[in-house]
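Peer 1: the following block contains a protein sequence and its predicted model.
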Amino acid sequence: MRIILILANALLINLGFLFAFLIRYGLPFPEYNFTPYKKSFVFLTLIYISALSFFRVYKNRFKSSWELFQKVSSGVFLGTLLSVAFIYIFRSQWGKFPTSVFAISFFVNLLLIFKFNQFVLKTQKKIKKQVIILGKGKVDDIVGKKANVERKRIDQIRELLEYSNVDEIVISEKITNAKDLNLLLFLERKLKADILFSPSVYLEILPERINGNSSVELLNTFVGRRSDRDEFFITILDISTSLILLILAAVPMLIISILIKLTSRGAVIYKQQRVGKDGKIFTLYKFRTMVKDAEKKVGPVLAQKNDSRVTKIGKILRTTRFDELPQLFNVLCGQMSIVGPRPERPHFVKLHKALQGLRLAVKPGLTGLAQVRSFYDLHPKHKIKYDFLYIQRRSFLLNIYILLQTIPVVFLKKGW
C-alpha cells in the first residue's frame, strides 16, 4: 500500500501544479512560464515525495486524521520551500518558473494529498487509535468509538513494556503503588503514549491527594493532557491573544508605568516567584500595586479586598485587572497560558495541600474558571473545586468560553 500511496501522491503533486497554473493564468498556459515546469517536474516531484517521507506520511498506521493532516501539511510545506530553493539555485535555467504557482500549489497539493491518503487509509482501516485499558472500570467517556481497544488487569502493567505500537493507556482503576506510577511515567516516555485516567479514578484520587498521600505524586505528569489538535489550538490561542492584547495595551501600559513611578517609591514591575506546571518555579510579572516592601514585616499573606498596603493607583489597577497585563510576557515565554488555574506562591502551595498535586497538571493561567465564577479572595479549598473541574474539561473551546466570560467580569468588577 505504501508504494501505491507514493505513486498516487507523485501524480497528485503534478496535478496540483497544473491546477495552480490554471488558477494563475487560465487556459492556455503561457509557454514562457510553463516550459520551466515541464523541464523540472521530475526533480520537483522527487523533492516533494522526499519531504513527505521525511515526515512519515507513508507509515503503516495513524491514530487520527488530525495526525495525518499534521504530517501531510508539514511535508508539503517543506517540499514547497525546498522546491523554491531548488528553482532559485538553477534560476539561470528555470528562473522563469512563477513563484505564485508555488504558493497556490501548496494549498492545492495539501488538500489533494490529505483527502486522497485519508480516503485510502480509512478504507484500509489504517486510521485508528491503539488503546490499552488497565483495570475493570468503565471508560466509555474517554475511549473513542474508532479505536482498537485491548483490556488488561492493573497487575499486568509490566507486560506493556513489550508493546511498541500504543497510542493511549487508559487507567480505569485506582493505583496506589508508587512503583507502578513510576513505571507509567517510563512507559509514557518509551512508547510515546498518552496516559489517561477515567473520571471515576479522578474522584478516588483527589481526596487522597488533598490528604497528602505521596503515592499519587506523579499523576500531574499525565492529568490535563489533551489531544494534539486541542493542544495545538490552545497554544495558538495563547500566542495570538497575548500578541493582540500587548499591541492594544502598549500605550496604556506606558501610562501606567509613568503613574506608578510618579506616585510611589519602588520598581514599576513587581516580580514574584510562582509555582507553574509540574511544580516548576517561575518568575511572574505584575505592575506593582502595593507600597514598597509591603511584606517585609507581615510576611506572605493572601490578598484581601480592602488591603491597606495597596496604593491609590494600585486600587485602580486591581479593580480594572490592568496590574495583570505584564503576565502576557509570561504567556509568550510558555510559563503560563491565557486560561488555567491561577499561579500560586510556593509558600501557599506548601501550606495548602489543595493547591498541590492535580492542580499543577496544567500551565497556570491569566484567567480561569475560578476567576469568572467567584471572587478575588477565594479560599484555596474552594479554588480547587473550580480548578479540578477545569482540568478535567480543559479544551480549546472551553478556553475561548472562559476568555469571553472574563470580559464582563472585568467590566462589572467581579471575580478574580
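Peer 2: Here it is on my side, so go on. Numbers count the residues shown, from 1 in each chain.
Peer 1: C-alpha from now on. contacts and neighbour counts both.
Peer 2: OK.
Peer 1: for the nearest residue to residue 331 once chain neighbours are set aside, what are its contacts?
Peer 2: Excluding its sequence neighbours, the residue lying closest to residue 331 (CA to CA, 6 or more residues apart in numbering) is residue 337, at 5.3 Å. With contact taken as CA atoms under 8 Å, 6 or more residues apart in numbering, residue 337 is in contact with 235, 238, 331, 363-366.
Peer 1: and if we set it to 6 Å?
Peer 2: Residues in contact with residue 337, defined by CA atoms under 6 Å, 6 or more residues apart in numbering, are 238, 331, 363, 365.
Peer 1: of all pairs in those residues, which one is the farthest apart?
Peer 2: 238 and 363 (11.2 Å; CA to CA).
Peer 1: returning to that earlier point: looking at the contacts of residue 337, which are in helices?
Peer 2: Judged by DSSP state H, helices contain the following of the contacts of residue 337: 238, 331.
Peer 1: before we move on, the earlier item: read off the pLDDT value for the residue nearest to residue 331.
Peer 2: Residue 337 carries a pLDDT score of 94 in this model.
Peer 1: reformat the contacts of residue 337 as a markdown table; add distance to residue 167 and neighbour count.
Peer 2: Supplementary listing: the contacts of residue 337 in a markdown table, determined by distance: CA to CA, whole Å; neighbours: other CA atoms under 10 Å:
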| residue | distance to residue 167 | neighbour count |
| --- | --- | --- |
| 238 | 26 | 20 |
| 331 | 29 | 24 |
| 363 | 23 | 25 |
| 365 | 28 | 22 |
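Peer 1: okay, the residue nearest to residue 79 when sequence neighbours are not counted and residue 257: tell me how far apart.
Peer 2: Among residues not flanking residue 79 along the chain, residue 48 sits closest, at 4.4 Å (CA to CA, 6+ apart). In this view, residue 48 and residue 257 are 52 Å apart by CA to CA, to the nearest Å.
Peer 1: again with residue 98
Peer 2: Residue 98 sits 50 Å away from residue 257, going by CA to CA.
Peer 1: same check, this time on residue 165
Peer 2: 54 Å.
Peer 1: and the two? Which one has more around it.
Peer 2: Between residue 165 and residue 257, counting by other CA atoms under 10 Å, residue 257 is the more crowded of the two (16 against 13).
Peer 1: what strand or helix carries the residue nearest the centre of the chain?
Peer 2: By CA atoms, centre = their mean, the chain has its centre lying nearest to residue 231, at 2.8 Å. According to DSSP states H and E, residue 231 maps onto helix 228-248.
Peer 1: buried residues in the host helix or strand of residue 409?
Peer 2: Following DSSP H and E, one finds residue 409 within helix 396-411. Of the residues in helix 396-411, those buried by neighbour count under the rule 16 or more other CA atoms under 10 Å are 396, 399, 402-403, 405-406, 409-410.
Peer 1: just these now: which is nearest residue 159?
Peer 2: Once CA to CA is applied, the member of the buried residues of helix 396-411 that ends up nearest residue 159 is residue 396, at 34.8 Å.
Peer 1: isn't the closest one up against residue 234?
Peer 2: Yes: using CA atoms under 6 Å, residue 396 makes contact with residue 234 at a distance of 5.3 Å.
Peer 1: what about the helix or strand containing residue 350, distance to the chain center?
Peer 2: Here residue 350, judged by DSSP H and E, is contained in helix 346-351. How far helix 346-351 lies from its chain's middle: 27 Å, per CA atoms, centre = their mean, to the nearest Å.
Peer 1: please parse this protein into its domains.
Peer 2: 2-123, 129-223, 229-411 (automatic domain parsing).
Peer 1: any idea which of the ones you listed scores lowest on pLDDT?
Peer 2: Among the domains of the chain, domain 129-223 carries the lowest mean pLDDT (a mean of 65).
Peer 1: returning to what we had before: how about CSV for the buried residues of helix 396-411, with distance to residue 247 added?
Peer 2: Below are the buried residues of helix 396-411 laid out as CSV (distance: CA to CA, whole Å):
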residue, distance to residue 247
396, 23
399, 21
402, 22
403, 18
405, 21
406, 19
409, 22
410, 19
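Peer 1: since that was my last question, I'll sign off now.
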